[in-house]
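*Asks:* need a 3D model of the following:
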Amino acid sequence: MAYQRLTAEEAAAMIRHEDVMALGGFTPNGNPKAIFRALSKRAVKEHEAGQPFQVSILTGASSCQSVEGDMAVAKALKFRAPFSTNKDFRTHTNLGEIDYEDMHLGHMSERLRRGFYGEVDWAVVEVSDLEEGETTCKAVLTSAGGVAATIVRLAKRVILEHNTFHSPKSRLLHDTYEPGDFLNSTHPFIPSGHGREMMPVLSVLDRVGKDYIEIDASKIAGVIESHIPEEDRSFKALTPENRQMGLNVAAFLVNDMKKGHIPPQFLPLQSGVGTTGNAVLDALSQDPAIPDFTTYSEVVQDAAIRMIMEGRITAASATAMTVTNEALQLVYDNIDFVSKHLVIRQSEVANSPEVIRRLGVIAINTALECDIYGNENSSHVCGSALMNGIGGSCDYERNGYISIFTTLSTAKNGKISAIVPMCSHIDSTEHDVDVIVTEQGYADLRGKGPLKRAEEIIEHCAHPDYRPLLRDYLRLAPMGHEPQHMRAALAFHDTFLRKGDMRLTDFSEYDI
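*Replies:* Okay, the predicted model is just below:
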């Protein structure tokens, strides 16, 4: 049976104002692109004709420019969840034009199943291959897993983008698994109606599902044929400060191995997306004291692909290859080898708290700022302006064997300290942060109360230019278990907004 073929414009014409669209993909990779390039153009025409046209978009993580960037510019987004890193989306969200829920990525599939976002009108999924059966379609995902298995089951209608840029051999990488219901366990030790089965991932490379997603053929509205490269993100080149931060992470881990906190065979690593993540992996790969290791993470980046090819990473689990097109082609050219060392999962498995805790994953993520007591902010500038969402960082940090946050000690050429008295917005609390690392050094916060943590962070993580100011704050703030002076802490943030240099702050004017 051959399903109806649609142009991107024909598919876009099927979408109605205020429809809810759920997408495959995770980060900029694996997203359906053709339909959204047509849909954003349609939105502009509708608005020019005086007709309202907005949709809600639900994804596994962030997406690409064609999805959330162009749609935001076209004023075609009503609601968005759970994560974004797109500049255009950020701009229009901060203007109050888009209702955005910043949500843990590991929660997304369950929230969809429970109907928290209402009915899903459309699932749109990019595939590299499909078996067009009479009753069931077996579709092979491309470079990401995300929430695809869940949304094709829940949605009223499904549109597939068959993107021939991707090799159909991507099938060898995927493990699509969706857990059963809360009250429908088939496990012999859980009585019927009393719980749900555990996710049977016992090691990094365990495969527990299928290498395709199953779709009710009656739901398929059509297939768009395309050949579109990934809208891959290029990260900034590593600076000496980034490299030093990576070396400091490696130094901490080696020291913890010497203390016996980390076993000699090491533990799986999770590293967030971006330049810092690449710097950390680069430093670890070059440290002879760290054995070949595994990763259990949301993504693999170019550095991880290179390390898989070199044998430095022996096993990797992720929900997306967040890589350049060159690295993606390298994977496809060496798929037989890579598939023995890399598995791509659905995001609720990759970000499962139970699996993360049981495997002993060491979590390494990036913060915008950290305060002197160990709280961190990774999503909002000055407490209100969206920068990025939290993504899956809290899924890992809350449940990791060791929870590490990295940040450069300053921003804006040294005019802003990333180590502050009080975070203007908190994503991970002091209770979930074990270690803070900057290019200055690292602060091990485990087993320390607030004052000891503050001393560690100021001494080892803050830039020398800001240490006197932070020490003054700690000395002058009213005593208590965790000393804070609200007006002075706010002034610390407010001053760099007004003057661009927090070193000009004089705390004496705030009656400390």
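*Asks:* find the nearest non-adjacent residue to the residue nearest in space to the middle of the chain, please.
*Replies:* Centroid-nearest residue in the chain, with C-alpha atoms, centre = their mean: Gly391, separated by 3.9 Å. Spatial nearest neighbour of Gly391, excluding adjacent residues (C-beta to C-beta, 6 or more residues apart in numbering): Phe83 at 4.9 Å. Heads up, the C-betas are built off the backbone N, CA and C, glycines and all.
*Asks:* that neighbour touches Ser62, doesn't it?
*Replies:* Yes: applying C-beta atoms under 8 Å as the test, Phe83 and Ser62 come out as touching, 5.0 Å apart.
*Asks:* list residues touching both of these two?
*Replies:* Asn388, Gly389, Gly391 (C-beta atoms under 8 Å, 6 or more residues apart in numbering).
*Asks:* any idea of the mean pLDDT for stretch 4-24?
*Replies:* When pLDDT is averaged over stretch 4-24, the result is 98.
*Asks:* what residues are up against Gln440?
*Replies:* Taking C-beta under 8 Å, 6+ apart as the criterion, Gln440 is in contact with Ser409, His460, Cys461, Ala462, His463, Pro464.
*Asks:* mind putting these into TSV with distance to His425 and secondary structure?
*Replies:* Compiled in TSV, the contacts of Gln440 are given as follows (distance: C-beta to C-beta, whole Å; DSSP: H, G, I helix; E, B strand; the rest coil):
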residue	distance to His425	secondary structure
Ser409	19	coil
His460	24	helix
Cys461	19	coil
Ala462	19	coil
His463	21	coil
Pro464	26	coil
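*Asks:* now which of those would you call buried?
*Replies:* Burial by neighbour count, judged by 16 or more other C-beta atoms under 10 Å, picks out Ser409, His460, Cys461, Ala462, His463 from these.
*Asks:* which one of these sits closest to Leu253?
*Replies:* Within those, proximity to Leu253 (C-beta to C-beta) peaks at His460, which comes in at 15.7 Å.
*Asks:* am I right that Gly260 falls within a helix?
*Replies:* No: counting by DSSP: H, G, I helix; E, B strand; the rest coil, one finds Gly260 to be coil, located in no helix.
*Asks:* how many other residues sit next to it?
*Replies:* Neighbourhood size, Gly260 [other C-beta atoms under 10 Å]: 8.
*Asks:* could you list the domains of this structure?
*Replies:* Partitioning the chain according to automatic domain parsing yields domains covering residues 5-226, 240-298+351-467.
*Asks:* what's the closest of those to Leu328?
*Replies:* Counting by C-beta to C-beta, Leu328 lies closest to domain 5-226 out of the domains of the chain; the figure is 6.1 Å.
*Asks:* okay, how far is it across the closest one, tip to tip?
*Replies:* End-to-end distance for domain 5-226: 11 Å, by C-alpha to C-alpha, to the nearest Å.
*Asks:* can you check stretch 227-238 too?
*Replies:* Using C-alpha to C-alpha, the end-to-end distance of stretch 227-238 comes out at 32 Å.
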